[in-house]
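Q: here is my input, please return the structure:
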Amino acid sequence: MPQIKRILEAALYVEDLELARSFYQKVFEFETLFSDQRLCALNVLNQQVLLLFLRGASTVATVIPGGVIPPTDGDGQQHLAFAIDLSELPRWESRLGENNLKIESKVRWTRGGTSIYFRDPDGHLLELATPGLWSIY
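A: Okay, here's the model as predicted:
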């Protein structure tokens, strides 16, 4: 079996690209790697890329000098979880409050982890999770 190393990119589909970019930069301090009229690529800790696609803007193939990117699109509320240390949980709760973000739910998992859930401007469910959520985390 060929090996993979990690998930490199995750994508969310948004109604207002500038609003979404501003949200993720303000709340998480993700810097922009690339941005145009159809997508914004954000740097997540120099390890992953969060792609924000303008909903409906990538439904046809995109031709670039190196080849063709197949079409993609999404609809509805999606989910994305970020790993945090348990010691950072109170600071994140404060940061969300400072940004007028309501914590929708707080879950204490049987393995010992804790998750807090809140929404981005498009209604996507975001999670901050401490170790103990999964057997691998």
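Q: which parts of this structure are helices?
A: Here the chain has its helices, by DSSP state H, at 17-28, 89-98.
Q: please identify the deepest-packed of those.
A: helix 17-28 (a mean of 16; mean count of other CB atoms under 10 Å). All C-beta atoms are positioned from the backbone trio N, CA, C, and that covers glycine.
Q: that one: how far from the chain's middle?
A: Relative to the chain's own centre, helix 17-28 is displaced by 10 Å; criterion: CA atoms, centre = their mean, to the nearest Å.
Q: could you give the angle of it to helix 89-98?
A: If you take axes from the mean of the first three to the mean of the last three CA atoms, to 10 degrees, helix 17-28 sits at 140 degrees to helix 89-98.
Q: now helix 17-28 - C-alpha only, CSV.
A: Only the C-alpha atoms of helix 17-28 are listed here, as CSV (Å, rounded to 0.1, in the frame of the first residue of the first chain):
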residue,chain,number,x,y,z
LEU,A,17,-15.3,35.0,0.2
GLU,A,18,-14.0,38.3,1.8
LEU,A,19,-16.2,37.9,4.9
ALA,A,20,-15.0,34.3,5.3
ARG,A,21,-11.3,35.2,4.8
SER,A,22,-11.6,38.0,7.3
PHE,A,23,-13.3,35.7,9.8
TYR,A,24,-10.6,33.0,9.7
GLN,A,25,-7.8,35.6,9.7
LYS,A,26,-9.3,37.5,12.7
VAL,A,27,-10.3,34.5,14.8
PHE,A,28,-7.4,32.1,14.0
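Q: related to what we said a few turns ago, tabulate the helices of the chain (a markdown table), appending distance to Ile116.
A: As requested, those are exported to a markdown table (distance: least, CB to CB, whole Å):
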| stretch | distance to Ile116 |
| --- | --- |
| helix 17-28 | 13 |
| helix 89-98 | 7 |
